[in-house]
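In: Need a 3D model of the sequence below.
(one chain, ligands or ions: 2)
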Amino acid sequence: MPELGVKIWGSRGSTPVSGPQALHFGGETTCLQICAGTHSLIVDCGSGARPLGKLLLAGEQRKFDILFTHVHLDHINGLPFFAPAYRSDFHLTLTACHLKSEVKLREAICRIMSPPVFPVNINSLHTSSFVVRPMDLAWQVGEGLKVTPIALNHPGGACGYRFDVGGKSIAIITDHESGNASIDAQIEKTINGCDILIHDAMYTDAEYTHFRGYGHSTWQYVIALAKRANVKTPVIFHHEPDRTDAELRQIEVEAQQQLKTALVARDGMYLSA
Ligand SMILES: [Zn+2]
Ligand SMILES: [Zn+2]
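Out: Numbers count the residues shown, from 1 in each chain. Ligands and ions are numbered 1, 2, ... in the order given. Below is the predicted model:
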């Protein structure tokens, strides 16, 4: 059975950051690489997709699925700088589940890939295809990797994903605000028993009162959810841009006091399921 793992190329939310306060955890926005044996796929093309793209040019795989959780800027801003998108020997399948049609997905990307916003037109992505899948239907990619979409509570809609192969599993919930009972229940059911859960934890409980309705959760919620859903390793993710390395280290200490296996996501981190 292929080994299942995830490499985090971007763990910030909202906007990329740089500077001495973000040296350890990094400053790229959402981009994750799911590795199942020799095959890999990509979840979101935030700014972390730029260094990932450079690495993929040197590999052997030429067909990639890019699954979008949604098309907010922090999740697509790396696509115009994703080198394989411009290579005729690569083929990318850009997939979303929260939109109504392929046209809507193409239109959203077109907003950041057309003059005068960006000099290169979306038509330059000539080997990419755009796909919209139903939210309630799992499918398979690569060597038997099962992908299960999960509806999230986020402005404009969003979709999480659970990946399963050979009895191992990883769930990715990038942008989700808890509080919608039926969506929360469905997420808890879908991620049950996961080896790794990478989950939006933009805020602390104390901060959350000021950011209700912004579409994000707290790290305390993620730890409680992980306990209820028997998740082995919860990973605190989608960091607030102003969150410093010192603050994230402190969050990790406090999270591990509640659940020993908890981690805070860091750009460049690889986790094996
Ligand atoms: Zn986001
Ligand atoms: Zn968002």
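In: Please enumerate the helices of the stretch 1-150 of the chain.
Out: 49-57, 73-76, 102-110 (DSSP state H, counting those that start in this stretch).
In: right, and the ones you listed - which one's nearest ligand 2?
Out: Each of the helices of the stretch 1-150 of the chain has some distance to ligand 2 by CB to the ion; the shortest is helix 73-76, at 6.5 Å. Bear in mind the C-beta positions are built from the backbone N, C-alpha and C, glycine included.
In: gap between the closest one and the chain center?
Out: Its chain's average C-alpha position is 10 Å from that of helix 73-76, according to CA atoms, centre = their mean, to the nearest Å.
In: Same question for it: list its buried residues.
Out: By 16 or more other CB atoms under 10 Å, the buried positions in helix 73-76 come out as Asp74, His75, Ile76.
In: wait, does that helix contact ligand 2?
Out: No. Using CB under 5 Å from the ion, we find that helix 73-76 stays clear of ligand 2, coming within 6.5 Å at best.
In: does that helix come close to ligand 1?
Out: Yes. Judged by CB under 5 Å from the ion, helix 73-76 and ligand 1 are in contact via Asp74.
In: Output that helix as CSV - backbone C-alpha positions only.
Out: The C-alpha coordinates for helix 73-76 follow below in CSV (Å, rounded to 0.1, in the frame of the first residue of the first chain):
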residue,chain,number,x,y,z
LEU,A,73,-7.2,35.2,-2.7
ASP,A,74,-5.0,33.6,-0.1
HIS,A,75,-5.8,30.2,-1.7
ILE,A,76,-5.2,31.1,-5.3
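In: what's the nearest residue to Asp175 if we skip its chain neighbours?
Out: Closest residue to Asp175 apart from its sequence neighbours, by CB to CB, 6 or more residues apart in numbering: His154 at 4.6 Å.
In: Contacts only, for the residue in the stretch 1-150 of the chain positioned nearest to ligand 2.
Out: Of all residues in the stretch 1-150 of the chain, His72 sits closest to ligand 2, at 3.4 Å by CB to the ion. Neighbouring residues of His72 by CB atoms under 8 Å, 6 or more residues apart in numbering: Gly156, Asp175.
In: what's the distance between the residue nearest to Asp175 and Gly179?
Out: The gap separating His154 from Gly179 is 12 Å, by CB to CB, to the nearest Å.
In: who's more crowded, the two?
Out: Neighbours per residue (other CB atoms under 10 Å) separate His154 from Gly179, with His154 holding more: 23 against 12.
In: Identify the residues contacting that one.
Out: His154 neighbours (CB under 8 Å, 6+ apart): His70, Asp175, His176, Glu177, Gly215.
In: And Ala151, by the same measure?
Out: Contacts of Ala151 (CB under 8 Å, 6+ apart): His98, Met135, Gly157, Ala158, Cys159, Gly160, Ile183, Gln186.
In: Tell me if it really is in a helix.
Out: No. Read with DSSP: H, G, I helix; E, B strand; the rest coil, Ala151 is strand and lies in no helix.
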